[in-house]
Every structure is written in structure tokens, then in C-alpha cells.
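Enquirer: kindly return the folded structure for what I paste below:
(3 chains)
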Amino acid sequence: MNAFAPTPECVTDITPSGEDYAIVKQVIELITLDYRDQPSLENIADELGQSPTQLQKVFTRWAGLSPKAFLQAVTLDHAKRLLGHEQLPLLETSYEVGLSGPGRLHDLFVTHEAMSPGEWKAKGGGLTIRYGFHPSPFGLALVMATDRGLAGLAFADDEGGRDACFEDMAKRWPNAEYVPDQAATAPYIARVFDPDRWHREEPLRVVLIGSDFQVRVWQSLLKIPFGKAVTYSDVARDIGQPTASRAVGAAIGRNPISFVVPCHRALGKSGALTGYHWGLTRKRAILGWEAGRA
DNA sequence: ATTTGGTGTTGTG
DNA sequence: CACAACACCAAAT
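Expert: Predicted structure coming up:
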């Protein structure tokens, strides 16, 4: 059960226990399934065998958003609104708005640097990657870092999912050396999920380790302003390969630094939420979380 | 509503 | 070096 790594005790406990996450997850699933019926808090609590007040409290603490607000935020209508409340905003224009609009919340102030082609070909050879598991608002998170910055962020579904999660990440750079080091990764977690620190403090350094094409796609995602979304074909157009939307989808799916590189802000052309490497439920949750803070 | 055909890149043999 | 697999999309049933 707990054979993989010692449970983190150095972590600041702003996050709910795994149990809470499990409950919240059910709530989210229920809401997103039945949002058409606009279920009341009572209905939901009934369905899950919880008391309404308790449920309200847990959910709000977890998401910074009441269940009611979340319900509204998460309808398809919301997803479509993200794409642009006027006509479909082409990526260019949303960049304009995102970059030049006064006081507009831009994205995380992330400075990114890609690895050189040589380093990429080495598949992580000669690279030391420190990693650790930490609780996060969206479940247990696996953080990976090199001395040049944050390299990977993934989500594990439950305790048993740790190994699978680590495998999934580690096979991306098979020749790297992996060292468990909670102390090194803890600072990243603290910053990444605290929106107040995104633009004031010094920028977050990340390293994008991937093929040339993938890196271009990820850089394009980083330009999407907070609280906005784009379609896969928008991204394809932005990187100068307008017919490559499918390839873009594949590349987005391999994004190693989830949440930081906002792959959750990529939607299908109709505004429908399409896939997510760590589960559609989590994608909805993240979008809802952002909607509550926009 | 569903199906079908055209896509670019990547991982595998 | 070919080939199947993809978090897609538009056009034709």
C-alpha cells in the first residue's frame, strides 16, 4: 500500500484529505451528468448519503466554489462561453486581448525553455530528475523537476495509482536518473496552485522536454489567457500548420506539465470537452476552479 | 445523428 | 522505412 514512498509530512496542509476528494469527485460527476436538471444541494446530498451542510462545506473548501456555482460554471454553455461570447475569437485576437488588455490576467508568468534537439534525442540521458508526491486541489500530484526548472506535473488517482502515475511520466524520458526528493519538489506545488503568486513573484521556470513539434504546441498553449479557452484547430493555425489539428490533439495529450501548461483549456470546436489524460472529471474540475477565480 | 475520409506527427517493428 | 494510432474536423449520408 504505502511501499512506494513515505507519506509527505513536510507539506503544508491546505489540501483536503483523499477521502474528501473522493466525495467531491462524486459530486462533480453527478453534477456534470445531470446539469440539465439543475439538481439542488439537497438532491445531491441525498444521492450520496451525505448531509447537505456537510457536503456544502467540504465542497466549498475544496473548490473555493459552492456546489451551486460549480453547477453553473460547468455546463456546456459555460464551455462555449469560454470560446468567445461574440463570434468565435480567432486565436490571434484572443492573444491581442490577453496580452495587451490593461490589467488583464495573463497566464501564469512562466518562463519556458526547451531542451536542445541533442538533449531530446538522448531521451533524458545524463539528466537528473527529482520527484515527489504532494496533495493538490485536484488530487495527489506527482511533481518532477530538473535543476533548470519544473519538468513534469501529473495526477495520481489514489494511493494505488502512484506507481502507474510514476511509470507514465518516467517512460517519457527513459534514460534520465530519477531521485525521490520531496523537499526539492514541494516549493513547486505551493506556487503552482496559488494564483495570487502567479504574476507578482518571480516567474516560474519550466523546462519543456519533447519533440520540436510538441514544444511548439505547448508554447502555444501557454499563451492562452486565464479563464479563456481555444480549440484544437486554433492551436494548429497558430503554429502555422492549419491542417494539423489532429496532430495537435495528440501533442497536447502528451503535455508533461499538466495544469501549468494549460492543456485543459483546449476544447473541441463545438465547445464540447474532449479528452483529458487524467480524466475528464478532472478537466471539468479544473475549468470550474478557474471559472470561480477569473 | 452517424459515417466517412483527409489529415501531421509519433512510436513501433 | 512503413504503418498504425491519436484528446480532430468538415462534408456527405
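Enquirer: what strand or helix carries residue A:234?
Expert: Secondary structure here is read from DSSP states H and E; on that basis residue A:234 sits in helix A:232-238.
Enquirer: now do the same for residue A:139: its pLDDT.
Expert: The predicted local confidence for residue A:139 comes out at a pLDDT of 83.
Enquirer: that one - how many residues pack around it?
Expert: Residue A:139 is surrounded by 23 other residues when neighbours are defined as other CB atoms under 10 Å. For every residue, glycine as well, the C-beta is placed using N, CA and C.
Enquirer: in this structure it contacts residue A:156, no?
Expert: Yes - in this structure, residue A:139 sits in contact with residue A:156. The criterion is CB atoms under 8 Å, and the distance is 6.9 Å.
Enquirer: contacts only, for the nearest residue to residue A:233 once chain neighbours are set aside.
Expert: Residue nearest to residue A:233 in three dimensions, not counting chain neighbours: residue A:245, with 4.2 Å by CB to CB, 6 or more residues apart in numbering. Contact partners of residue A:245, counting by CB atoms under 8 Å, 6 or more residues apart in numbering, are A:231-233, A:235-236.
Enquirer: and if we set it to 7 Å?
Expert: Residue A:245 makes contact with A:232-233, A:236 under the criterion CB atoms under 7 Å, 6 or more residues apart in numbering.
Enquirer: cool, and residue A:220?
Expert: Contacts of residue A:220 were listed using CB under 7 Å, 6+ apart, and they are A:235, A:238-239.
Enquirer: buried stuff in stretch A:51-61?
Expert: Residues of stretch A:51-61 classed as buried under the neighbour-count rule (16 or more other CB atoms under 10 Å) are A:55-56, A:58-60.
Enquirer: so which of the residues you listed belong to helices?
Expert: A:55-56, A:58-60 (DSSP state H).
Enquirer: tell me the SS of the nearest residue to residue A:173 once chain neighbours are set aside?
Expert: On the basis of CB to CB, 6+ apart, the spatially nearest residue to residue A:173 that is not a chain neighbour turns out to be residue A:124, at 2.8 Å. Of the three states, residue A:124 takes coil under DSSP: H, G, I helix; E, B strand; the rest coil.
Enquirer: wait, isn't residue A:124 in contact with residue A:175?
Expert: Yes - with contact taken as CB atoms under 7 Å, residue A:124 and residue A:175 are classed as touching, separated by 4.8 Å.
Enquirer: those two - which one has more neighbours?
Expert: Set side by side, residue A:124 and residue A:175 give different neighbour counts by other CB under 10 Å, the larger being at residue A:124 (21 against 10).
Enquirer: now that one: how far from DNA strand C?
Expert: Distance from residue A:124 to DNA strand C, counting by CB to the nearest atom of the strand, to the nearest Å: 20 Å.
Enquirer: try residue A:249
Expert: Going from residue A:249 to DNA strand C by CB to the nearest atom of the strand gives 3 Å.
Enquirer: and that residue, helix, strand or coil?
Expert: Local secondary structure at residue A:249 is given as helix here, using three-state DSSP.
Enquirer: now it. Nearest residue, chain neighbours left out?
Expert: Residue nearest to residue A:249 in three dimensions, not counting chain neighbours: residue A:232, with 5.1 Å by CB to CB, 6+ apart.
Enquirer: surely the one you found and residue A:250 touch.
Expert: No - taking CB under 7 Å as the definition, residue A:232 is not a contact partner of residue A:250, at 9.8 Å.
Enquirer: more neighbours: these two, which one.
Expert: More crowded of residue A:232 and residue A:250, by other CB under 10 Å: residue A:232, with 22 against 13.
Enquirer: who touches that one in this structure?
Expert: The neighbours of residue A:232, taking CB under 7 Å, 6+ apart as the test, are A:245, A:248-249, A:266.
Enquirer: one more pass at 8 Å, please.
Expert: By CB under 8 Å, 6+ apart, the neighbours of residue A:232 are A:245-246, A:248-249, A:252, A:266-269, A:274.
Enquirer: returning to what we had before: pretty sure the residue nearest to residue A:173 contacts residue A:209?
Expert: Yes - look at residue A:124 against residue A:209 with CB under 8 Å: they come within range, at 6.9 Å.
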